[in-house]
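In: with the sequence up front, the predicted model follows.
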Amino acid sequence: MNKMIRPDEAEPDEDGPLYAAHKKVYPQCVSGTFRSIKWRLMAVCLGVYYLLPFVRWHRGLGAPDQAVLVDLPNSRFYFFFIELWPQEVYYFTGLLIVAAMTLFLMNALGGRIWCGYLCPQTVWTDLFYAVERLVEGDRRERMKKDEADFTLRRFFEVTAKHSIWLLIAWWTGGAWVLYFADAPTLVKELLTFQAPMVAYVWIGILTFTTYVLAGHMREQVCVYMCPWPRIQAALTDEWALNVTYKYDRGEPRTSVKKAAEARAHGQVVGDCVDCRQCVAVCPTGIDIRDGAQLDCIQCGLCIDACDTVMAKIGRPSRLIGYDNDINIQRRMAGKTDVFRPLRARTMVYAGLIVGVGAIMLYALATRVLLDVSVLHDRNPVAVRLSDGSIRNAYTIRLLNKRAFDQVVAIDVDGVSGATLHVVGFDAITQDRPAIVLGRDQTTEVRVLVTAPGGALPKSSPVTFHVTDIGLGEVASATDNFVTP
């Protein structure tokens with residue numbers, strides 16, 4: 001009979017632990033095409049994030065003049081010339097669909113472009129790395145300082161670095177709350193300690209998260225916390241271009257000196273000289289030569305590092321570059337590279353982006369800023385008057401989304417001979433009551449519709465038309481006219 005072995009009695013795995021202990025990554029500074037692209041995109045992204053709340057946009061007297069504003073107390077979202085109400089949440093749904101399809105399209109064309117260049121985690125981590133290099137030096141200097149004894153100078157360097165990190169994190173949190181109130185006013189209130197407590201709480205939360213995620217967790221967020229690497233691995237295909245080590249050209253690896261000797265003897269050697277510069281500059285600390293990996297954010301810095309080495313030793317660039325395994329196999333078979341950016345997957349994504357975007361633009365261009373809804377009285381549903389006519393009562397809710405007052409008239413049709421009376425309002429003509437709607441407000445009115453008695457059906461559809469007398473804009477709503 002076999003003896004049961006408890007987990008605590010099991011022998012340790014000879015191959016070592018299941019998970020290796022985390023090692024601190026020291027990315028080296030590099031220059032080149034992709035590093036320049038990342039600097040420019042980082043400047044644009046941070047500039048937009050920090051400065052956009054201070055951009056002004058005139059909307060008329062009494063309306064907020066901040067270009068981008070989430071006005072929670074009044075349930076409004078302003079984006080330059082666009083003003084959205086809670087009832088128009090479908091615009092946000094369309095925006096999320098476009099954003100998702102754009103992410104899928106980027107992945108189908110160039111892999112994790114979002115992760116490597118535009119993700120907030122990448123942008124702020126790059127900024128924090130730049131501060132760290134400025135204060136403590138590049139890769140080798142930082143490694144030596146971490147291994148050396150802690151001195152007074154080291155204390156001041158560490159203090160300076162973390163102070164700048166905290167300052168950036170604090171302003172990141174501060175910039176976020178500026179999107180929810182008038183930015184200049186809120187800045188003044190924050191500096192004079194007169195701002196609402198909720199603003200200080202959110203600044204504190206975002207300061208802490210930015211400092212921890214960008215300053216300490218860094219690549220661990222991409223590897224362990226973010227779901228996108230797992231999702232994009234299921235969405236990619238064999239034609240997507242990813243940052244790839246071209247092993248058909250790089251193998252077998254050897255040093256520059258040994259490669260020259262081997263070539264002198266007619267032996268075949270690869271262009272890779274095993275300098276490990278691609279590893280030194282990687283922000284997640286991986287070796288791209290090991291193939292596609294979950295940890296790789298495809299930022300392209302290893303391409304710049306490898307190109308620099310290739311230029312120094314007089315060999316062609318792009319030993320590491322955007323490529324796919326199909327082209328590697330084709331080159332090994334003596335064929336030319338083939339790229340297919342236009343294929344079913346990318347065309348479907350692009351079609352959805354264009355389609356949903358066109359629908360949203362059409363809805364924005366044609367939307368009516370006067371809205372109406374009708375609620376029929378339930379008790380009683382209908383009343384027969386002494387002269388035999390039948391009366392139904394309704395509550396009509398009118399919504400004026402404009403930044404100025406509107407004068408509207410209400411008409412009704414659907415029941416022959418029906419007359420309309422708005423309780424408490426005078427009339428422009430005998431049967432067209434005039435109602436003044438305050439700007440950016442909802443107004444409820446009680447409406448009585450009376451039809452002559454006779455052979456009326458049990459229920460008839462009736463439509464209320466609300467017309468802006470000045471602009472001619474019309475909004476309609478339908479209900480039923482019933483008999484007792």
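Out: Arrived safely. Being a predicted model, the structure only gives us computed values, none of them experimental.
In: surely residue 306 touches residue 279?
Out: No: between residue 306 and residue 279 there is no contact, the gap being 10.7 Å when judged by Cβ atoms under 8 Å. Every C-beta, even on glycine, is put in place using the N, C-alpha and C of the backbone.
In: who has more neighbours, the two?
Out: Between residue 306 and residue 279, counted using other Cβ atoms under 10 Å, the more crowded position is residue 306 (30 against 18).
In: excluding covalently adjacent residues, which one is nearest to that one?
Out: Nearest residue to residue 306, sequence neighbours excluded (Cβ to Cβ, 6 or more residues apart in numbering): residue 320, at 4.4 Å.
In: worst-scoring helix or strand of the protein, pLDDT-wise?
Out: strand 427-429 (a mean of 44; mean pLDDT, DSSP states H and E).
In: returning to that earlier point: tell me the contacts of the residue nearest to residue 306?
Out: 243-246, 278, 288, 302-303, 306-307 (Cβ atoms under 8 Å, 6 or more residues apart in numbering).
In: now rank these by neighbours and give me the top one.
Out: Highest neighbour count within those, by other Cβ under 10 Å: residue 306, with 30 neighbours.
In: which elements pack onto the helix or strand harbouring that residue?
Out: Using DSSP states H and E, the element containing residue 306 is helix 301-312. Counting contacts by 3 or more Cβ pairs under 8 Å, 6 or more residues apart in numbering; DSSP states H and E, helix 301-312 packs against helix 33-51, helix 277-280, strand 320-323.
In: what about the residue nearest to residue 340 when sequence neighbours are not counted, distance to residue 192?
Out: Distances taken as Cβ to Cβ, 6+ apart place residue 239 nearest to residue 340, at 4.9 Å, with adjacent residues excluded. Residue 239 sits 58 Å away from residue 192, going by Cβ to Cβ, to the nearest Å.
In: more neighbours, the two?
Out: residue 239 (18 against 8).
In: and stretch 213-233, end to end?
Out: For stretch 213-233, the first and last residues are 24 Å from each other (Cα to Cα, to the nearest Å).
In: what does it contact?
Out: With Cβ under 8 Å, 6+ apart as the criterion, stretch 213-233 contacts 22, 25, 107, 111-112, 114-115, 121-122, 124-125, 127-128, 162, 165, 169, 283-285, 294-295, 297.
In: hmm, back to that, now the two most distant members of the contacts of residue 320.
Out: Largest separation among those by Cβ to Cβ: 244 and 307, giving 14.1 Å.
In: quick check: which element contains residue 69?
Out: According to DSSP H and E, residue 69 maps onto strand 68-71.
In: got a list of what residue 274 touches?
Out: Contacts for residue 274 (Cβ under 8 Å, 6+ apart) come out as 253-255.
In: again, but for residue 52
Out: 67-68, 179.
In: number of residues surrounding residue 419?
Out: By other Cβ under 10 Å, neighbour count at residue 419 equals 15.
In: hang on, it packs against residue 452?
Out: No: assessed by Cβ under 8 Å, residue 419 is found out of contact with residue 452, at 9.1 Å.
In: related to what we said a few turns ago, which of the contacts of residue 52 count as buried?
Out: Buried members of the contacts of residue 52, counted by 16 or more other Cβ atoms under 10 Å: 67-68.
In: closest to residue 458 out of the contacts of residue 52?
Out: Nearest to residue 458 among the contacts of residue 52, counting by Cβ to Cβ, is residue 68 at 52.4 Å.
In: can you name the residues that contact that closest one?
Out: The contact partners of residue 68, taken as Cβ under 8 Å, 6+ apart, are 52-53, 55, 78-80, 179.
In: neighbour-wise, which of these leads?
Out: Neighbour max across the contacts of residue 68 (other Cβ under 10 Å) = residue 53, 23 neighbours.
In: distance of that one from residue 347?
Out: Using Cβ to Cβ, residue 53 is found at 38 Å from residue 347.
In: hey, where'd the strands end up in the stretch 51-200 of the chain?
Out: Under the criterion DSSP state E, counting those that start in this stretch, strands of the stretch 51-200 of the chain are mapped to 68-71, 76-79, 82-84.
In: and the first one, what's buried?
Out: Translated: strand 68-71. The neighbour-count check on strand 68-71 (16+ other Cβ under 10 Å) flags 68-69 as buried.
In: partner strands of it and their direction?
Out: strand 76-79 (antiparallel) (DSSP bridges).
In: what lies in contact with the partner strand?
Out: Taking Cβ under 8 Å, 6+ apart as the rule, strand 76-79 contacts 57, 59, 64, 66-71, 83-85, 440.
In: repeat the analysis, applying 6 Å as the threshold.
Out: Strand 76-79 is contacted by residues 68-70, 84 when judged by Cβ atoms under 6 Å, 6 or more residues apart in numbering.
In: from the residues you listed, which single one is nearest residue 480?
Out: Using Cβ to Cβ, residue 84 is the member of the contacts of strand 76-79 that lies nearest residue 480, at 31.3 Å.
In: neighbours around the closest one, how many?
Out: With other Cβ under 10 Å as criterion, residue 84 counts 19.
In: where's it relative to residue 473, distance?
Out: 18 Å.
In: for residue 332, same thing?
Out: In terms of Cβ to Cβ, residue 332 sits 67 Å off from residue 473.
In: what about those two, which has more around it?
Out: Neighbour totals were compared for residue 332 and residue 473, and residue 473 leads with 15 against 11 (other Cβ under 10 Å).
In: is the more buried one in contact with residue 370, as I believe?
Out: Yes: using Cβ atoms under 6 Å, residue 473 is in contact with residue 370, at 5.2 Å.
In: just list what the top helix by length along the chain packs against, helices and strands only.
Out: The single longest helix within the chain, with elements called by DSSP state H, is helix 152-177. Contacts defined by 3 or more Cβ pairs under 6 Å, 6 or more residues apart in numbering; DSSP states H and E place helix 152-177 against helix 120-136, helix 197-212.
In: what is the mean pLDDT for the longest one?
Out: Per-residue pLDDT values over helix 120-136 give a mean of 96.
In: since that was my last question, I'll sign off now.
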